[in-house]
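K.L.:
could you work out the structure for the sequence below:
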Amino acid sequence: MKFERSSKNERKFLKRKLLSKEAPETGWPNKGEQTNGAIPSQNNTMKYFINVNNWAQEENIEIFYFSSFDESWKVHHEGDVGARWGLWDNKELLKY
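P.N.:
Take a look at the predicted model:
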């Protein structure tokens with residue numbers, strides 16, 4: 001399953017970056033183009049949210065989950081995936 005492979009890679013990346021304090025935030029988009037096997041979807045976003053929180057708790061690392069709300073203005077700068085990182089949509093409705 002592609003998510004599981006990405007999840008292992010994400011855990012390695014996050015641990016390296018978070019322990020070095022280079023990456024203060026994390027997240028997974030629910031829509032948009034796929035990048036290097038990382039597939040944006042509601043299911044993968046929830047799996048990532050749960051997995052990264054479990055991992056952070058096990059490793060005793062504080063994380064900042066990005067982002068609270070979708071930011072539709074980002075589509076012009078980051079493409080369709082850039083606007084879909086929120087746990088709430090741009091109308092402030094919980095997506096999950």
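
K.L.:
mind checking what secondary structure the closest residue to I63 other than its chain neighbours has?
P.N.:
The spatial neighbour of I63 that comes closest, neighbours along the chain excluded (Cβ to Cβ, 6 or more residues apart in numbering), is A56 at 4.7 Å. (Glycine included, C-beta is placed from N, CA and C.) Here A56 is helix, with the state taken from DSSP: H, G, I helix; E, B strand; the rest coil.

K.L.:
chain center to stretch 54-73: distance?
P.N.:
Centre-to-centre, stretch 54-73 and its host chain are 7 Å apart (Cα atoms, centre = their mean, to the nearest Å).

K.L.:
any idea which helix or strand in the protein has the lowest mean pLDDT?
P.N.:
Every helix and strand of the chain was ranked by mean pLDDT, DSSP states H and E. The lowest is helix 2-19, at a mean of 60.

K.L.:
which stretches of the protein have low pLDDT?
P.N.:
Filtered on pLDDT under 70, the chain yields the residue ranges 1-24.
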